[in-house]
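> Quick one, structure for this:
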Amino acid sequence: MAKVAFAVPGDLSAATGGYAYAREIIAGLAVQDIDVAHIALPAGFPRPSANDLAETERLLAHVSNGTPLLIDGLAFGAFPADLAAALPQPLIALVHHPLALESGLSVEDAQHFRETERLALAAADRVIAASPTTAAELTNAYDVSADRITVAEPGTHPRQRSLGSGSETVQLLSVGAISERKGFDVLVTALAASPKRNWHLTIAGDTERNADTTAAIASKITAHDLDNNVTMTGRVSDEELAALYRSSDVFVLASRYEGYGMVLAEAIANGLPIVTTTGGAAAETVPDAAAIKVPPNAVEPLKDAILRLVESSNERQARADAAWNFAGELPTWKQTCARIASVIKEVSL
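Numbers count the residues shown, from 1 in each chain. Next up is the predicted model:
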């Protein structure tokens, strides 16, 4: 049986797409005859302290040469070049999206992450990218040759088709941990300019990881008199989230950038009509027939797209049908894990 050490920073149970991907990989690689040793790196990444880096070096030093080392990009992209170069070989980097593309960074911080990730990736034998968009970005801007990259898009599990709310009030759903990149501020601004009738938005996602951003969104909701129209649930269980998908009428994602957009794939798997931005890989994740797509940060087009689906049950039904018909073409987690397993086995030879 092949082996791999998988290093992930922070709490593996965290409610984000990146951590969900990691959990699925750890579970799924065993089926591919891969023995996975999870290494929990310090939670300070991508802004590690000196102590975080020292602890990371200590933890990874215990991986023997010859055992592939797979490192999540939330940490790897912030590794100093000397640490990346000194790691046991063979080395595989997992990149959801480059750190420099996170929203809200200063010019200096973005440049810092761009340089650290470029140098770290130079030390990797292979790179796993979560989407073709991320793969192209790594080739074009980070000097990673295409022959070192394998695309392993997130998988989905089979879902029951959404039943909808069955209400005269159209239930809008948006899912994601509250952060600037997810564009919830743009979404609230767009809804504030809409008539306050016939719709309700539920935002399901961790409100504690970015407390300042959460407080700003909550203040904006109140300032626009939307407390009766918008609900932030905080983190929900997998069962509660599945119930939200099944009982919603429209899925909305206002992200400024997505490395893939796992919640969009979940919306498709549930047969929901979608309004999404074209930020990063979001546009390529969703078929045109299932979604109205608008540019990121574009308040007026986002408002108009949402109102189109709120006001037209026929269009909602047509786009829901398109989503459900496409659901069978989404990658499965078994396929995703098989792609990653093939990389691990190749570098193990």
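
> so A43 is in which element?
In the assignment (DSSP states H and E), A43 maps to no helix and no strand.

> Kindly provide the distance from the nearest residue to it once chain neighbours are set aside to T67.
Distance criterion C-beta to C-beta, 6 or more residues apart in numbering; nearest residue to A43, sequence neighbours excluded, is G10 at 3.8 Å. (C-beta placed from N, C-alpha, C; glycine too.) According to C-beta to C-beta, to the nearest Å, G10 stands 22 Å off from T67.

> What is the burial count for the nearest residue to S49 once chain neighbours are set aside?
Nearest non-adjacent residue to S49, counting by C-beta to C-beta, 6+ apart: P42, 8.0 Å away. Applying other C-beta atoms under 10 Å, we find 17 residues neighbouring P42.

> ok, now V36?
Here the count is done by other C-beta under 10 Å, and V36 has 18 residues near it.

> cool, the one 3 residues further on as well?
Residues near I39, counting by other C-beta under 10 Å, number 17.

> repeat for M1
7.

> Could you pull up the residues touching it?
M1 makes contacts with D33, I34, D35, as judged by C-beta atoms under 8 Å, 6 or more residues apart in numbering.

> Next, the nearest residue to the last one once chain neighbours are set aside: secondary structure please.
Once its chain neighbours are removed from consideration, D35 has its nearest residue in K3; the separation is 4.6 Å (C-beta to C-beta, 6+ apart). Under the three-state scheme (DSSP: H, G, I helix; E, B strand; the rest coil), K3 adopts strand.

> For K3, report the pLDDT, please.
pLDDT recorded at K3 is 93.

> Settle this for me: it is touching I34, isn't it.
Yes: judged on C-beta atoms under 8 Å, K3 makes contact with I34 at a distance of 7.2 Å.

> More neighbours: the two, which one.
I34 (23 against 15).

> Wait, that one touches I25, no?
No: contact status for I34 versus I25: not in contact, 9.4 Å apart, counting by C-beta under 8 Å.

> Tell me where the stretch 151-300 of the chain has helices.
Secondary structure of the stretch 151-300 of the chain, counting by DSSP state H, counting those that start in this stretch: helices at 184-192, 211-223, 238-246, 262-269, 282-285, 299-311.

> nearest to A141, of the ones you listed?
With respect to A141, and counting by C-beta to C-beta, the nearest of these is helix 282-285 at 17.7 Å.

> Against which helices or strands is that closest one packed?
On a contact count with 3 or more C-beta pairs under 8 Å, 6 or more residues apart in numbering; DSSP states H and E, helix 282-285 meets helix 262-269, strand 274-277.

> Return the distance of it from the chain's centre.
Here the centre of helix 282-285 is set off from its chain's centre by 12 Å, with C-alpha atoms, centre = their mean, to the nearest Å.

> Dump it to CSV, restricted to CA.
Extracted in CSV, the C-alpha atoms of helix 282-285 (Å, rounded to 0.1, in the frame of the first residue of the first chain):
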residue,chain,number,x,y,z
ALA,A,282,-17.2,30.3,-10.4
ALA,A,283,-18.4,30.9,-13.9
GLU,A,284,-16.9,27.6,-15.3
THR,A,285,-18.3,25.5,-12.4
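
> what about that helix, average pLDDT?
On average, helix 282-285 scores 87.

> Also stretch 126-136?
Taken as a whole, stretch 126-136 carries a mean pLDDT of 96.

> what about L201, how many residues close to it?
Neighbour count for L201, taken as other C-beta under 10 Å: 23.

> make that A27, sorry
Per other C-beta under 10 Å, the neighbour tally for A27 reads 12.

> Could you do D35 as well?
Neighbour tally, D35, other C-beta under 10 Å: 12.

> T16 now?
A count of neighbours around T16, defined by other C-beta under 10 Å, yields 19.

> Which phi and psi values does it adopt?
Here is the backbone geometry of T16 (degrees, to the nearest 10): phi -130, psi 160.
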